[in-house]
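1. task: produce atomic coordinates for the following.
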Amino acid sequence: MEKIEVLGATVDFFKSIEDGLTTYQFDTSKCGPPDPMVNAMAGLQLLDDNSQLIMINHKSPGGLFPKIGEEFSYVEEITEDGQAKVTFSKNSNVSNSTDFTQNTCNG
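-> Sure thing, here's the model as predicted:
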């Protein structure tokens, strides 16, 4: 994995490519609001049909999901150490409907 610069990010992002799939990853498990939402929104802007974004966080980013639901799909799992791991992908044939300026969780 190589470290990359992501506009607006407040944590390190990493990128890897395997079998034609680009994976971006960041960890906000030690951050408080609004960092998880800010970094998720920054990272989601990187996605296309051949990429995914992995977010590691201390809990499920429930406030994020309604903001991105039309344009992105996600799979959530809990890691062995109790962290939330969310893998996002861009939905095919969907217009760019996400307002990336909405990067606060409001609670």
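
2. C-alpha only now, for contacts and for neighbours.
-> Noted.

3. let me see the contact set for the residue nearest the centre of the chain.
-> Geometric centre of the chain, nearest residue: Ala40, 3.8 Å, by C-alpha atoms, centre = their mean. Ala40 makes contact with Met55 under the criterion C-alpha atoms under 8 Å, 6 or more residues apart in numbering.

4. just for this structure, where's the confidence low?
-> Low-confidence segments of the chain, defined by pLDDT under 70: 104-107.

5. wait, a strand at the residue nearest to the centre of the chain?
-> No. Using DSSP: H, G, I helix; E, B strand; the rest coil, the assignment for Ala40 is helix, not a strand.

6. now the helices for the chain?
-> Taking DSSP state H, the helices of the chain run over residues 35-44, 65-68.

7. same list (these) but as a markdown table, adding distance to Asn96.
-> Shown next, in a markdown table, are the helices of the chain (distance: least, C-alpha to C-alpha, whole Å):
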| stretch | distance to Asn96 |
| --- | --- |
| helix 35-44 | 11 |
| helix 65-68 | 10 |
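
8. tell me the most buried of the ones you listed?
-> Each of the helices of the chain was scored by mean neighbour count; the highest is helix 35-44, a mean of 22, by mean count of other C-alpha atoms under 10 Å.

9. so which of the helices of the chain gets nearest Glu2?
-> helix 35-44 (14.9 Å; C-alpha to C-alpha).

10. just how off-centre is that closest one within its chain?
-> 6 Å (C-alpha atoms, centre = their mean, to the nearest Å).

11. also stretch 48-57?
-> Worked out by C-alpha atoms, centre = their mean, stretch 48-57 lies 6 Å from the chain centre.

12. got the buried residues for it?
-> Ser51, Gln52, Leu53, Ile54, Met55, Ile56, Asn57 (16 or more other C-alpha atoms under 10 Å).
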